[in-house]
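Enquirer: Predicted model, plus sequence, below.
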Amino acid sequence: MNDEPIMLSTDVLSDDVGLIAAAGYINNEGGQAIADAATDLMGRGCDTLLIDLDGTRIINSIGVSILLEIMEKLLEEKGRLAFCNLTPTIAKTFEIMGLVQYATIYPDREAARVDLVGHAAS
Amino acid sequence: MPLPDLLRLADNALSGHSGPQLPEDLLRLVVEETSSRAGVLRRGDDVAARWPRTVSTQVEAATEGWTEVPFPAADTEWRLRLLHPERLDEAVLGATRLGLRAWDLREELKRTRFDERFHVWELEAIRAIATGIGGILDPARLADEILGHLVALLGVRSAQLYLGTDAATAERVGVFGEPVLDDVGLAEAWYEGVSRDEVVALPLVSDSTRYGLLVAALKEARAGTEPFAPDDVRLLELFAVQVTVALEYVRLTRESLDRERLRQELEVAAVIQSHLHPRSFPDLTGWRLAARSSSSRQVAGDTYDVMVLGDDLVVTVTDVSGKGVGAGMIASGVHAGVRLLAAGSPEVGRVASRLNSYLAGATADNRFATFAIVRLRDDGSFVALNAGHCPVLIRRRAGSIERLESSGLPLGILESATYREESGRLEPGDLIVMYTDGVTEAEDPGGEEFGVDRVADVVAAAEEDADGLCNRLLREVTEFTCGQPLQDDATLLVVERVVR
């Protein structure tokens, strides 16, 4: 097990749906990187954000609190937050920490894309 | 109408419907209501909101005419700063106070809810560890699983699991981030542990075993790191207990598997050894044979054999020093050696010498074997040899006993040892009794041994045939020991020349 620094990429899936793919340790630095990416996408008109955690095995409490803040901001803008590719441990953590109450969980990116954008990847 | 808006904002905050923008919304309304040129809202030293947003710290510092209104709070004070307010009445201040208090309550509620959920997360992690690592026997996988939970819950940047009996030879089986303990630090922490602001290391110790050390370091805060709190140490202690239990489970499981494997191997060895003994005796005209053998462990150091070589009948008994697998392996080697050598040479002395030479250099722990061999011809004449073994008894038909005593050292002690053959003749009705010291050294409850004389007395008085004599002798031994199991391997072989 390494310290797994965060690797981040973003994409705009449709006019109002943004994607953040995050792989690595979601701690204060990793969480802040996601928050910055979320702010950027929201500024570009994406009020629905999909965070793909494929490659993320560990998220700590600060990382969770940052995700909660992103969710809070989105809710204030009447937006939506979604996650996909969660490990069972992270899925359980999100359930316990209340993230799944307001966020949608998808098994993988394609399932999320079909539901959020309305069509599969071309 | 900003004042009603202010009150509505406070109401929203109290009911939990406000978002993170509330301080800015509140400040904006106050600035408008008081006709101020600008406003800054601080919480402690932090700026919570500025209105207009363009009012930088530098502008704030360079401008005169600020009115500051403190709003004392339980933990950190709010301070409202307004630039040239035209009116600032109690209604506005009251509404602002209400809004800020509502905001504080909202934040406190969020923190409390987060803390409550975090405690559930802690419990879930402990449960997941307890149930998830039970079947993991590989230390690296175990470390991976445990450190994953630990790093997540404690929010640390560095965690390691060291396993070993001491710091000098300990192996780092799991690592997350950059290790913080060097060799000296590891040695210092190994027995007593370490609890400092930036690092906590806890020894993993059960009642009977020291397993290693669990280290966590550099606890994250929202910005940078912060000292470990007592609750963090408590949580790490819980982890350490779980890790210790898991390691104890690994150790016990491995021991159990090793024991089971050994038991199975011993079973196989015992079966192999039992097949070395004659499964039935040759149907020889003029002779009747019987034997008994028992081992104090699964694999015996005793062995016996019966061979028909041409017209000759050859019988042997061997007792290797010690017990168990080691003795059994040597006994099996001697058994095979006797078979090969006796088939190639009619001289029992030569057989014994060759075996002695082989054994003298074959065992690292100076094991030896007592050995007796009798080669009988069909006319009853025999040649015998006793190498350090219990006296071979010859019972004549009339009941007298003759003893063939040892003529030399047991096999394997001295390579140059020599052995003397004895010869004689069995008449019809005579018999030969060969046995190992497991019979003669059987003890009564007082510690007295059964002894050769008692064996001789039983043999002399017996009227049974070879098989019956075996039964009688063992029965007498059992009565002597009051039914206690024998402490050593015991073997008995009787050769009777039948009356035609």
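Expert: Alright, I've got the coordinates. Just so it is clear, the model here is predicted, and its values are computed rather than measured. Residues are numbered from 1 along each chain as shown, chains lettered A, B, ... in the order given.

Enquirer: C-terminal to the longest helix belonging to chain B, what's the next element?
Expert: Longest helix of chain B, by residue count under DSSP state H: helix B:230-276. Using DSSP states H and E, the next helix or strand after helix B:230-276 towards the C-terminus is strand B:287-294.

Enquirer: tell me which residues in that following strand are buried?
Expert: Under the neighbour-count criterion of 16 or more other Cβ atoms under 10 Å in any protein chain shown, strand B:287-294 has B:Trp287, B:Leu289, B:Ala290, B:Ala291, B:Arg292, B:Ser293, B:Ser294 buried. (Glycine included, C-beta is placed from N, CA and C.)

Enquirer: would you turn those into JSON lines with pLDDT?
Expert: Converted to JSON lines, the buried residues of strand B:287-294 look like this (pLDDT from 0 to 100):
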{"residue": "B:Trp287", "pLDDT": "93"}
{"residue": "B:Leu289", "pLDDT": "95"}
{"residue": "B:Ala290", "pLDDT": "95"}
{"residue": "B:Ala291", "pLDDT": "93"}
{"residue": "B:Arg292", "pLDDT": "92"}
{"residue": "B:Ser293", "pLDDT": "86"}
{"residue": "B:Ser294", "pLDDT": "82"}
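
Enquirer: Tell me the one of those residues nearest chain A?
Expert: B:Ser294 (55.7 Å; Cβ to the nearest Cβ).

Enquirer: Would you agree the closest one is in contact with B:Asp488?
Expert: No: B:Ser294 is beyond contact range of B:Asp488, at 9.6 Å (criterion: Cβ atoms under 8 Å).

Enquirer: quick one: common contacting residues for those two?
Expert: Residues touching both B:Ser294 and B:Asp488 (Cβ atoms under 8 Å, 6 or more residues apart in numbering or on different chains) are B:Gly438.

Enquirer: circling back to that earlier point, filter the buried residues of strand B:287-294 by proximity to chain A?
Expert: Among the buried residues of strand B:287-294, no residue lies close to chain A (Cβ under 8 Å from any Cβ of the partner chain).

Enquirer: Relative to chain A, how far out is B:Pro485?
Expert: Counting by Cβ to the nearest Cβ, to the nearest Å, the gap between B:Pro485 and chain A amounts to 54 Å.

Enquirer: Please name the residues that touch the residue nearest to B:Pro410 when sequence neighbours are not counted.
Expert: Leaving aside its chain neighbours, B:Pro410 sits nearest to B:Gly388 (3.2 Å; criterion: Cβ to Cβ, 6 or more residues apart in numbering or on different chains). Counting by Cβ under 8 Å, 6+ apart, B:Gly388 makes contact with B:Phe368, B:Thr370, B:Phe371, B:Ser406, B:Gly408, B:Leu409, B:Pro410, B:Leu411, B:Ile413.

Enquirer: just B:Val205 next, same as before
Expert: B:Tyr211, B:Thr244.

Enquirer: For the worst-scoring helix or strand of chain A on mean pLDDT, list the C-alpha coordinates in CSV.
Expert: Across the helices and strands of chain A, mean pLDDT, DSSP states H and E gives its lowest value to helix A:99-102, namely a mean of 90. Taking Å, rounded to 0.1, in the frame of the first residue of the first chain, the C-alpha atoms of helix A:99-102 are listed here in CSV:
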residue,chain,number,x,y,z
LEU,A,99,-23.7,11.1,1.4
VAL,A,100,-26.0,8.7,-0.2
GLN,A,101,-29.0,10.5,1.2
TYR,A,102,-28.6,13.3,-1.3
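
Enquirer: So which elements touch it?
Expert: Counting contacts by 3 or more Cβ pairs under 8 Å, 6 or more residues apart in numbering or on different chains; DSSP states H and E, helix A:99-102 is packed against helix A:61-76.

Enquirer: Please export the C-alpha coordinates of whichever helix or strand comes after the helix it packs on as CSV.
Expert: Next helix or strand after helix A:61-76 toward the C-terminus (DSSP H and E): strand A:80-84. Provided in CSV are the C-alpha atoms of strand A:80-84 (Å, rounded to 0.1, in the frame of the first residue of the first chain):
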residue,chain,number,x,y,z
ARG,A,80,-27.2,17.0,-8.2
LEU,A,81,-24.2,15.0,-7.1
ALA,A,82,-23.5,11.4,-8.2
PHE,A,83,-20.8,8.9,-7.6
CYS,A,84,-19.7,5.8,-9.4
